[in-house]
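Asker: Predicted structure and sequence below. I'll ask about it afterward.
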Amino acid sequence: MDTRFPDLRRFGGADAFLQVCKPRTVLDIFTGKWAGLVMGALLDGPRRFNELRRMLDGITQKMLSQTLRTLERDGLVTRTVYPTIPPRVDYELTALGHSAVDVLRAIGVWAGEHADQVLAAREAYDERAKEPVEMVSRA
């Protein structure tokens with residue numbers, strides 16, 4: 001066993017490498033493309049669906065609906081329907097959603113500080129991928 005990644009199951013702890021790990025299930029929320037951005041868009045308070053859609057460049061109506069539904073199911077966002085014609089629906093972060101804000105901000109800061117490096121690495125990788133592969137022979 002690799003000692004850098006101990007098997008915490010024998011101590012009654014979680015093992016994020018296991019598919020059934022509870023923390024891994026929760027981490028999956030933040031590894032998607034849109035959940036963190038939707039939550040970030042809700043930091044300043046409640047927003048309506050179309051407001052969110054305008055803010056989040058590139059998101060489709062279907063993906064925004066799915067993301068909001070998932071975040072609501074996970075207890076991170078509330079959906080409030082007002083009895084007006086047409087019905088008004090607001091989305092807002094819950095207390096649990098607000099508790100994740102520091103994590104999201106830290107990821108955003110890291111992304112801002114390292115975006116140039118990541119993009120340069122991608123470009124270098126793509127350039128290397130265009131080169132013909134040389135076979136290595138074993139003597």
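Answerer: Ah, there it is.
Asker: Only C-alpha atoms from now on, for both contacts and neighbour counts.
Answerer: Will do.
Asker: can you pull the contacts of the nearest residue to residue 67 once chain neighbours are set aside?
Answerer: Leaving out its chain neighbours, the residue that sits closest to residue 67 by C-alpha to C-alpha, 6 or more residues apart in numbering is residue 35, at 6.1 Å. Applying C-alpha atoms under 8 Å, 6 or more residues apart in numbering, we find residue 35 in contact with 29, 67-68, 71.
Asker: How about residue 39?
Answerer: Contacts of residue 39 by C-alpha under 8 Å, 6+ apart are 93, 97.
Asker: just residue 48 next, same as before
Answerer: Contacts for residue 48 (C-alpha under 8 Å, 6+ apart) come out as 88-91.
Asker: Narrow those to those in strands?
Answerer: The members of those that map onto strands under DSSP state E are 88-91.
Asker: List the buried residues for the host helix or strand of residue 67?
Answerer: Using DSSP states H and E, residue 67 maps to helix 61-73. For helix 61-73, a neighbour-count test (16 or more other C-alpha atoms under 10 Å) marks 64, 67-68, 71-72 as buried.
Asker: And stretch 86-103, by the same measure?
Answerer: Judged by neighbour count (16+ other C-alpha under 10 Å), stretch 86-103 contains these buried residues: 89, 91-94, 97-98, 101.
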